[in-house]
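*Asks:* Pasting the sequence and the predicted coordinates here, then a few questions.
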Amino acid sequence: MTQSLTAVALAPAAHEPGEPLNPKPGMHALSRFGVPLGLAGLGGAWSAARSSLGSPQWPEETLYGAATALWLVLTVLYVVRGLRRKGTFRSDLKHEVAGPFASFIPLVGILLSSHYSQYLPPWCDWLCVAFIAALAIVATQLLAHWIAGGVSMQSIHPGYLLPVVAGSFVASIGFSSIHAHDAAIATFGVGVFFWLVVGTVVTVRLMTGDALAPAAKTGLSAYLAAPATANIAWMVSHPGPTGTVQLGLTGVLAIMALLQVMLLPQYRQLPFSPAFWVFTFPVGATTNYAIRWLATTSIPGREIYAWTLLGLATAFTLTIATRTAMTAMARS
């Protein structure tokens, strides 16, 4: 999300001294972690294709490798910036617009450690648990700030679903990857709770408040990220025949995917910006689940459908990456 999202905050809550909203244009430092998040999300889709469709391993490893490199570089840069100015992370965490994106740092860490646990089981398992703990700390800090009156209703946007909803479901996926089934179910329950609570607040704000600023409309894709990660989390923690819960979650994902289709005319009116990376993780996660789900069905041509979805998701992410690079070169 870009800093132009601050236009949403029509009635901002009071900020402590030294913690103002940053008015400078461009992507907020925390929002940039959406790039490795999107690459890891597509890597997960290719991982599902490798197990379900027999796809080659190199696209998956290339995507995870690129996500790892970017995540490490961005983390180092962010930490160095924080060392130069005391209270940077605390200030960013309380940012009315970009604050929820503080969860991206441990969120990407969970996805990467879950993937690499197949190669380095003991070390990556511990890393996965550490990143889940870090996500829990960041999410509860955000929640404490929100319920203590730290944000105004008008500043709330769909990105608020990411840390406590999609984040909890990704944590459940992480626990399943290290075979901690009970912990996976527990964190799934946390995600469902906040999906109902925070999702209701966000939806009420969107339905009764002022319209989102154009740059903030990309965040509406968070409505797709929540059911996509929920479906994956439930499926990996409950392997075997599709049950009632899985069918219900699939229905929710289907209607949210249809919602995104209905929003396409609004998305097409938006000028391209790096904020478009916010679309890539929901698209990758939805493709990931669609491939897994199709593999459990007897739908004629299911492999063709799976390959088509994977191809479209890959082309979409590559297009965003190409446009981002071209935009950066044009500005330099």
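*Replies:* It's in. Numbers count the residues shown, from 1 in each chain.

*Asks:* Packing partners of the one helix or strand M326 maps to?
*Replies:* Assigned by DSSP states H and E, M326 falls within helix 302-331. Identification of packing neighbours for helix 302-331 by 3 or more C-beta pairs under 8 Å, 6 or more residues apart in numbering; DSSP states H and E yields helix 34-52, helix 280-295. Yep, even glycine has a C-beta here, placed from its N, CA and C like the rest.

*Asks:* Tell me the gap between the helix or strand where S176 lies and the middle of its chain.
*Replies:* Element membership for S176, per DSSP H and E: helix 167-177. Distance of helix 167-177 from its chain centroid, counting by C-alpha atoms, centre = their mean, to the nearest Å, is 12 Å.

*Asks:* and that helix, C-alpha only, in PDB?
*Replies:* Output of helix 167-177 as PDB, limited to C-alpha atoms (Å, rounded to 0.1, in the frame of the first residue of the first chain):
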ATOM      1  CA  GLY A 167      -1.800 -14.200   9.700                       C
ATOM      2  CA  SER A 168      -3.500 -16.800  12.100                       C
ATOM      3  CA  PHE A 169      -4.300 -19.100   9.200                       C
ATOM      4  CA  VAL A 170      -0.800 -18.900   7.900                       C
ATOM      5  CA  ALA A 171       0.500 -19.700  11.400                       C
ATOM      6  CA  SER A 172      -1.800 -22.700  11.300                       C
ATOM      7  CA  ILE A 173      -0.300 -23.800   8.000                       C
ATOM      8  CA  GLY A 174       3.100 -23.400   9.600                       C
ATOM      9  CA  PHE A 175       2.300 -25.600  12.500                       C
ATOM     10  CA  SER A 176       0.900 -28.200  10.200                       C
ATOM     11  CA  SER A 177       4.100 -28.200   8.200                       C
END
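
*Asks:* Which elements pack onto it?
*Replies:* When contacts are defined as 3+ C-beta pairs under 8 Å, 6+ apart, helix 167-177 sits against helix 104-116, helix 121-145, helix 181-208, helix 222-237.

*Asks:* Just name the shakiest helix or strand of this structure by mean pLDDT.
*Replies:* helix 88-93 (a mean of 79; mean pLDDT, DSSP states H and E).

*Asks:* which residues sit in contact with V129?
*Replies:* If a contact means C-beta atoms under 8 Å, 6 or more residues apart in numbering, then V129 has I178 as its contacts.
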